[in-house]
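Predicted model follows, preceded by the sequence.
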Amino acid sequence: MATFILKRDNLKLGLLLGFIGPLAGLFVVYLLTARSTPFSIFLEEFFNNNRLITSIGSLSLLANIILFTIYINTQRDNTAKGIFIITLLYGVAILLLKIFN
């Protein structure tokens, strides 16, 4: 199944992967840094602490950087384009969250 997804070149797939990537990245950061804290408290602290918004938000977007690189290097530009678009939207959302927090 995973190899099938990696071989597709589809904007919708890129948008979906771009949306899921940072969420998975956020969960990995949680598992590595705050496993003993309930996830809901981790999220609350993330959304309310400007330093965490920047650091954890950036680390979460690393998942999209990895996905984007894989799809660019395999000439699946439409999928990479979708990942890039969603990454930009996440970046703007993180910036707005930081500004208005």
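Looks like it came in fine. Numbering: from 1, shown residues only.

which residues are in contact with stretch 35-50?
26, 30, 34, 52-53, 56, 97-98, 101 (C-beta atoms under 8 Å, 6 or more residues apart in numbering). Quick note: C-beta positions are derived from backbone N, CA and C, even for glycine.

Distance from that stretch to the middle of the chain?
Remark: stretch 35-50 is offset 17 Å from the chain centroid, using C-alpha atoms, centre = their mean, to the nearest Å.

residue closest to the middle of the protein?
The structure's the chain has its C-alpha centroid closest to residue 22; by C-alpha atoms, centre = their mean the separation is 1.7 Å.

if I look at the nearest residue to that residue once chain neighbours are set aside, how far off is residue 10?
In this structure, residue 22 finds its nearest non-sequential neighbour in residue 60, 4.3 Å apart by C-beta to C-beta, 6 or more residues apart in numbering. Between residue 60 and residue 10 the computed distance is 23 Å (C-beta to C-beta, to the nearest Å).

Sketch out the low-pLDDT regions of the chain for me.
1-6 (pLDDT under 70).

what residue of it is the furthest out?
residue 36 (22.6 Å).

Let's verify that one: helix, strand, or coil?
coil (DSSP: H, G, I helix; E, B strand; the rest coil).
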